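Asks: mind looking at a prediction? Sequence and model below.
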Amino acid sequence: MLSRVAENIYWLARYIERAENTARLVSVNANLLLDLPRGIAPGWQPLIDITGANTLFEEHYKEYGERQVVRFLLSDQRHCGSIMSALAAARENCRTIRDIVPREAWEQLNGLYLFASEELQQGMTKTGRHRYLRELIGSTQALTGLLDGTMLHDQGYEFLCLGRYLERADMTSRIADVRSATLLPEAEELRPFDTIQWVSVLKSLTAYQMYRRSAQIRVQRGPVLRFIFQSDSFPRAVRYCMEAVRAGLEHLPRNEAALRILGRLARSLDNAQLERLSPADLHAFVDELQAGIGDLHQEIAATWFLPLPESPAAEAD
């Protein structure tokens, strides 16, 4: 397979996953703010913290208000993680490899992009946001299922899975990290609201029902962290994503270095006593995990994708 084609498939999957996860975050946060009293609600800044785009946001917006954050995450073309930016990038990657993916997948993605563009102003309003985001999430899931069910499960499909599950693992870890940092202080009178926030963590991943079925206990910090980081049966848990990445890597040539990095990540996940970690320790653990995911991405790019062109300054040196 050509390096260019492999890279386009990989980023197609990452951008589709990114658009879906961003839509989930905005939708769940709006519902969370309705459930919590005004004085202790976390507001909208945590969504920017999750994306790690605070510097870019503050360059263009004066405050972390609902209108500003929603605009930044839905439509701001300057932010590569906004829904419109991600869908535009996914569409462009898919356009260049239309002979590799099923025609129906291209049509589904094109229709999704047109819907997101045409209904964007309605999605920016409080009254239209829920329907808009629900349609986006459903359409991205339909696209993911269409690719899984109709694309040849050859090397191209392995790169699709690598992109999807690396992006998903990254976002799951970010959600857990930032939401843990914005949880309420330990106090008996605030404990019911603390539970609401952990429920919102699960709902951001569509994990609430599966958590209750798997853990069979009420929503608590320790079990929730174990479920979303270490479950090997929930498709949005970090550990499950790592195993899906391993399955893809094992079918590719020259995979030794990437598998070594993945092995370190898996051991770190398996050995972590998450329920014993303080918020600061959890943040450090997630930072290390995300650095490992970044290293794995860099190794995948260096092994199978075309190298980035050198800058004129570098050539002059």
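Replies: On my side now, so go ahead.

Asks: okay, now the unreliable bits of the stretch 101-250 of the chain?
Replies: The stretch 101-250 of the chain contains residues with pLDDT under 70 at 179-193.

Asks: mind listing the helices in it by residue range?
Replies: 103-118, 120-123, 126-150, 155-181, 191-204, 208-215, 221-230, 238-249 (DSSP state H, counting those that start in this stretch).

Asks: distance from the fourth one to the middle of the chain?
Replies: Meaning helix 155-181. How far helix 155-181 lies from its chain's middle: 5 Å, per CA atoms, centre = their mean, to the nearest Å.

Asks: returning to that earlier point: what's the most buried one of the helices of the stretch 101-250 of the chain?
Replies: Comparing the helices of the stretch 101-250 of the chain by mean neighbour count (mean count of other CB atoms under 10 Å), helix 155-181 comes out on top with a mean of 23. To be clear about C-beta, it is placed using only N, CA and C from the backbone, and glycine gets the same treatment.

Asks: packing partners of that one?
Replies: helix 3-35, helix 45-51, helix 191-204, helix 221-230, helix 238-249, helix 279-304 (3 or more CB pairs under 8 Å, 6 or more residues apart in numbering; DSSP states H and E).

Asks: neighbouring contacts of the second one?
Replies: Where contact means CB atoms under 8 Å, 6 or more residues apart in numbering, the residues beyond helix 45-51 that reach it are 22, 25-26, 29, 54, 57, 64, 69, 72-73, 79, 81, 171, 174-175, 177-179, 181-182.

Asks: whichever helix or strand comes after it: how far from the chain's middle?
Replies: Using DSSP states H and E, the helix or strand that directly follows helix 45-51 along the chain is helix 54-60. Distance of helix 54-60 from the chain centroid (CA atoms, centre = their mean) equals 20 Å.

Asks: which of the helices of the stretch 101-250 of the chain sits closest to Asp287?
Replies: helix 155-181 (7.9 Å; CB to CB).
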